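>>> Turn this into a structure:
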Amino acid sequence: MRHIYLSPHLDDAVLSCGGAIHCQLAAGEQVWVITLIAQDVDPGADLSPFARRLHQDWGNPRRPFALRRAEDLAALTLLGAEAQHLEDLDAIYRAAPDGQWLYPDVGLLFGEVHPADPLAAGGVARMSLPHPAGQGLAERLAPLIPPESGQEPVPAEARVIYAPLGVGRHVDHQIVHAAARSLLALGFQVVFYEDYPYAETPGAVEAALAAAGAQRWQCRVIPLAAENMAAKVLALGYYRSQMPILFGGAELMPSRVWAFASTRSPEFGLAERTWWP
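The predicted model follows:
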């Protein structure tokens with residue numbers, strides 16, 4: 001079985017699915033994580049005030065995404081997953097053809113995808129209308145999805161693509177969700193994970209399902225053992241540049257991650273969830 005995770009940023013797959021990834025690898029299955037937003041801007045490039053503030057939060061590294069790529073490789077190496085980093089720019093760096101910043105504040109970053117967003121070629125990535133906005137990105141992703149295991153083709157049912165449900169409405173997550181819906185329309189087997197930590201907010205998962213027109217999708221629970229959760233927390237510890245933003249500090253991360261996993265399934269105790277069209 002081959003599991004392919006589409007991660008908008010250099011931490012989303014492990015944040016949302018680190019327990020499942022460890023469980024799958026422990027069972028001898030293959031896991032491949034493709035991260036889309038992994039490119040640095042030039043150190044001398046002009047930045048919006050919002051981007052400069054975020055750089056300060058990350059500790060003002062000269063090349064913040066080089067640091068984040070190293071963090072991601074360390075986390076995925078610990079779990080045993082394969083990693084591929086693409087070269088798209090984060091929303092905080094993207095601009096319209098006239099040079100205007102598309103997402104110059106946090107409100108816009110978690111709002112509607114801008115019609116001029118170059119990553120959403122073809123129009124606005126509306127989650128309920130998945131095809132046009134994600135089509136260009138889906139066409140880029142399709143050839144990257146490993147089609148073979150050794151010399152034997154992988155049957156469609158033996159290859160699952162995991163993509164963000166879009167919980168929290170971060171524009172990059174919306175765009176990757178739209179691309180995944182286009183891959184689904186092309187015949188790939190695609191399921192959707194609950195974006196963490198946004199899924200901690202009460203009602204956020206339900207809002208994402210409603211926005212996606214996915215109220216009838218099937219929820220599948222992935223039961224996790226304590227060793228799966230322990231591995232996830234250890235892997236998340238490598239994303240040190242993101243700990244202040246995500247959790248208010250590295251010391252607060254483990255308890256929140258364990259607590260959230262305990263809310264996903266009364267039956268199994270610790271779990272992560274996916275949604276299947």
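>>> So which residues of the stretch 51-200 of the chain form strands?
Per DSSP state E, counting those that start in this stretch, the stretch 51-200 of the chain carries strands over the ranges 82-88, 148-149, 152-153, 159-164, 190-193.
>>> Residue ranges in this structure under the pLDDT threshold?
121-135, 147-157 (pLDDT under 70).
>>> If we use 80, what do you get?
Where the chain drops to pLDDT under 80, the residues are 121-135, 146-157.
>>> which residues of it fall in helices?
12-26, 49-57, 64-79, 106-109, 131-141, 171-185, 204-211, 226-236, 243-247, 253-261 (DSSP state H).
>>> what's the closest of these to residue 119?
helix 171-185 (5.4 Å; C-beta to C-beta). Bear in mind the C-beta positions are built from the backbone N, C-alpha and C, glycine included.
>>> one step back: in a markdown table, list the helices of the chain along with mean neighbour count and distance to residue 164.
Putting the helices of the chain into a markdown table (neighbours: other C-beta atoms under 10 Å; distance: least, C-beta to C-beta, whole Å) gives the following:
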| stretch | mean neighbour count | distance to residue 164 |
| --- | --- | --- |
| helix 12-26 | 25 | 7 |
| helix 49-57 | 14 | 20 |
| helix 64-79 | 19 | 16 |
| helix 106-109 | 14 | 15 |
| helix 131-141 | 21 | 12 |
| helix 171-185 | 26 | 4 |
| helix 204-211 | 18 | 9 |
| helix 226-236 | 20 | 17 |
| helix 243-247 | 15 | 15 |
| helix 253-261 | 17 | 16 |
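>>> of those helices, which approaches residue 191 most closely?
Closest among those, using C-beta to C-beta: helix 171-185, at 9.0 Å.
>>> can you state the direction angle for that closest one and helix 204-211?
Per axes from the mean of the first three to the mean of the last three C-alpha atoms, to 10 degrees, the angle that helix 171-185 makes with helix 204-211 is 50 degrees.
>>> Who is residue 275 paired with across the strands?
When bridges are called by DSSP bridges, residue 275 pairs up with residue 192, residue 219.
>>> Can you get me a residue count around it?
18 (other C-beta atoms under 10 Å).
>>> pretty sure it contacts residue 218?
Yes: assessed by C-beta atoms under 8 Å, residue 275 is found in contact with residue 218 at 7.1 Å.
>>> quick revisit: JSON lines for the strands of the stretch 51-200 of the chain, including distance to residue 105 and mean neighbour count?
Below are the strands of the stretch 51-200 of the chain laid out as JSON lines (distance: least, C-beta to C-beta, whole Å; neighbours: other C-beta atoms under 10 Å):
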{"stretch": "strand 82-88", "distance to residue 105": "21", "mean neighbour count": "16"}
{"stretch": "strand 148-149", "distance to residue 105": "45", "mean neighbour count": "12"}
{"stretch": "strand 152-153", "distance to residue 105": "47", "mean neighbour count": "10"}
{"stretch": "strand 159-164", "distance to residue 105": "22", "mean neighbour count": "24"}
{"stretch": "strand 190-193", "distance to residue 105": "27", "mean neighbour count": "24"}
